[in-house]
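Asker: whatever this is, show me its structure:
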Amino acid sequence: MGDCEYISNCEHRISRGDYWSNVEGGRFRSKYTLKFEIAGFNLSIHAQLVINERGLENAWIERTISNPETVILGEDDNMHYIKAIEERACRKLRVVVNHHSDPPKIVTVFFDRRLKGKK
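Answerer: Below you'll find the predicted structure:
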(Lines give C-alpha, C1' and ligand atoms only; values in the text may rest on other atoms or scores of the structure.)
Protein backbone atom coordinates (compact mmCIF):
# COMPACT_ATOMS: atom_id res chain seq x y z
CA MET A 1 0.00 0.00 0.00
CA GLY A 2 2.74 2.48 -0.89
CA ASP A 3 4.47 4.37 1.89
CA CYS A 4 2.30 3.29 4.79
CA GLU A 5 1.66 0.28 6.97
CA TYR A 6 -1.93 -0.84 7.43
CA ILE A 7 -2.69 -1.69 11.06
CA SER A 8 -6.40 -2.53 11.12
CA ASN A 9 -9.69 -2.16 9.26
CA CYS A 10 -10.08 1.36 7.91
CA GLU A 11 -11.85 3.15 5.07
CA HIS A 12 -9.47 6.13 4.95
CA ARG A 13 -6.14 5.65 3.15
CA ILE A 14 -3.03 7.59 4.13
CA SER A 15 -0.09 7.79 1.77
CA ARG A 16 2.69 9.60 3.70
CA GLY A 17 3.93 10.71 7.19
CA ASP A 18 5.61 9.04 10.29
CA TYR A 19 2.41 9.24 12.22
CA TRP A 20 0.27 6.92 14.33
CA SER A 21 -3.39 7.77 14.42
CA ASN A 22 -6.84 6.34 14.81
CA VAL A 23 -8.63 7.04 11.54
CA GLU A 24 -12.24 5.91 11.28
CA GLY A 25 -11.56 2.95 13.55
CA GLY A 26 -8.22 2.00 11.97
CA ARG A 27 -4.60 2.86 12.67
CA PHE A 28 -1.78 3.65 10.29
CA ARG A 29 1.91 4.10 10.75
CA SER A 30 3.74 5.71 7.91
CA LYS A 31 7.33 6.68 7.15
CA TYR A 32 7.53 10.46 7.43
CA THR A 33 7.20 12.83 10.38
CA LEU A 34 4.32 15.29 10.20
CA LYS A 35 4.67 18.30 12.47
CA PHE A 36 2.38 21.09 11.36
CA GLU A 37 0.59 23.39 13.75
CA ILE A 38 -1.75 26.28 13.09
CA ALA A 39 -2.62 28.23 16.26
CA GLY A 40 -6.19 27.59 17.40
CA PHE A 41 -6.85 24.77 14.91
CA ASN A 42 -6.45 21.04 14.67
CA LEU A 43 -5.29 19.66 11.33
CA SER A 44 -6.74 16.53 9.79
CA ILE A 45 -4.21 13.91 8.76
CA HIS A 46 -5.11 14.66 5.15
CA ALA A 47 -4.39 18.39 5.68
CA GLN A 48 -1.01 17.57 7.24
CA LEU A 49 -0.14 15.33 4.32
CA VAL A 50 -1.06 17.85 1.62
CA ILE A 51 0.71 20.71 3.43
CA ASN A 52 3.85 18.58 3.42
CA GLU A 53 3.49 17.23 -0.14
CA ARG A 54 2.60 20.60 -1.71
CA GLY A 55 5.19 22.64 0.19
CA LEU A 56 2.58 24.96 1.70
CA GLU A 57 3.70 27.36 4.40
CA ASN A 58 1.83 27.76 7.69
CA ALA A 59 1.98 31.55 7.29
CA TRP A 60 -0.03 31.30 4.04
CA ILE A 61 -2.68 29.21 5.76
CA GLU A 62 -2.85 31.53 8.76
CA ARG A 63 -3.14 34.61 6.48
CA THR A 64 -5.88 32.94 4.44
CA ILE A 65 -7.95 32.14 7.54
CA SER A 66 -7.36 35.43 9.36
CA ASN A 67 -7.73 37.76 6.36
CA PRO A 68 -9.51 35.94 3.50
CA GLU A 69 -10.57 37.59 0.26
CA THR A 70 -13.58 35.28 0.08
CA VAL A 71 -15.39 33.07 2.59
CA ILE A 72 -17.88 30.46 1.35
CA LEU A 73 -20.10 28.11 3.33
CA GLY A 74 -19.69 24.89 1.39
CA GLU A 75 -22.32 22.26 0.69
CA ASP A 76 -20.37 20.11 3.16
CA ASP A 77 -21.16 22.71 5.89
CA ASN A 78 -17.45 23.57 6.12
CA MET A 79 -16.13 27.11 5.71
CA HIS A 80 -13.94 27.66 2.64
CA TYR A 81 -11.44 30.52 3.06
CA ILE A 82 -9.80 31.79 -0.14
CA LYS A 83 -6.89 34.20 -0.61
CA ALA A 84 -4.35 35.01 -3.34
CA ILE A 85 -0.81 34.15 -2.23
CA GLU A 86 1.69 36.64 -3.67
CA GLU A 87 4.66 34.31 -3.12
CA ARG A 88 2.97 31.85 -5.50
CA ALA A 89 2.16 34.24 -8.37
CA CYS A 90 -1.16 35.20 -6.72
CA ARG A 91 -2.57 31.68 -7.00
CA LYS A 92 -5.72 31.26 -4.90
CA LEU A 93 -5.22 29.19 -1.74
CA ARG A 94 -8.35 27.47 -0.42
CA VAL A 95 -8.40 26.40 3.23
CA VAL A 96 -11.39 24.26 4.23
CA VAL A 97 -12.26 24.39 7.93
CA ASN A 98 -14.79 22.37 9.94
CA HIS A 99 -15.97 24.81 12.62
CA HIS A 100 -18.21 22.16 14.22
CA SER A 101 -15.11 20.62 15.83
CA ASP A 102 -13.62 21.99 19.01
CA PRO A 103 -11.10 23.38 18.28
CA PRO A 104 -11.96 23.94 14.59
CA LYS A 105 -10.30 21.45 12.23
CA ILE A 106 -8.54 22.29 8.98
CA VAL A 107 -9.81 19.59 6.64
CA THR A 108 -7.75 20.33 3.51
CA VAL A 109 -5.65 23.05 1.88
CA PHE A 110 -4.95 23.51 -1.83
CA PHE A 111 -4.33 26.00 -4.60
CA ASP A 112 -7.67 26.09 -6.39
CA ARG A 113 -7.13 25.86 -10.16
CA ARG A 114 -10.82 26.60 -10.73
CA LEU A 115 -10.14 30.15 -9.55
CA LYS A 116 -7.09 30.76 -11.75
CA GLY A 117 -7.15 34.30 -13.10
CA LYS A 118 -10.30 35.28 -11.16
CA LYS A 119 -10.27 38.26 -8.84
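Asker: read off the pLDDT value for the closest residue to residue 112 other than its chain neighbours.
Answerer: Residue nearest to residue 112 in three dimensions, not counting chain neighbours: residue 94, with 4.4 Å by CB to CB, 6 or more residues apart in numbering. Bear in mind the C-beta positions are built from the backbone N, C-alpha and C, glycine included. Looking at residue 94, its pLDDT stands at 96.
Asker: equivalent analysis for the one 4 residues further on, please.
Answerer: pLDDT for residue 98: 96.
Asker: likewise for residue 32?
Answerer: We note a pLDDT of 47 for residue 32 in this prediction.
Asker: correct me, but residue 115 touches residue 92?
Answerer: Yes - contact criterion CB atoms under 8 Å: residue 115 and residue 92 qualify, at 4.0 Å.
Asker: what about these two, which has more around it?
Answerer: Between residue 115 and residue 92, counted using other CB atoms under 10 Å, the more crowded position is residue 92 (22 against 16).
Asker: quick check, that one in contact with residue 81.
Answerer: No - Residue 92 lies out of contact with residue 81 (CB under 8 Å); the separation is 10.5 Å.
Asker: picking up where we left off before, any idea how far the residue nearest to residue 112 lies from residue 44?
Answerer: Separation of residue 94 from residue 44 (CB to CB, to the nearest Å) stands at 15 Å.
Asker: touching, residue 58 and residue 38? I think so.
Answerer: Yes - Residue 58 lies in contact with residue 38 (CB under 8 Å); the separation is 6.0 Å.
Asker: what's the local residue count around residue 57?
Answerer: 13.
Asker: looking at residue 58 and residue 38, which is more packed in?
Answerer: Higher neighbour count among residue 58 and residue 38: residue 38, with 20 against 13, using other CB under 10 Å.
Asker: show me what that one bridges to in the sheet.
Answerer: Taking DSSP bridges as the rule, residue 38 bridges to residue 41.
Asker: what are the boundaries of the strands in the protein?
Answerer: Along the chain, counting by DSSP state E, strands occupy 4-6, 20-23, 26-30, 42-43, 70-73, 79-85, 91-98, 105-111.
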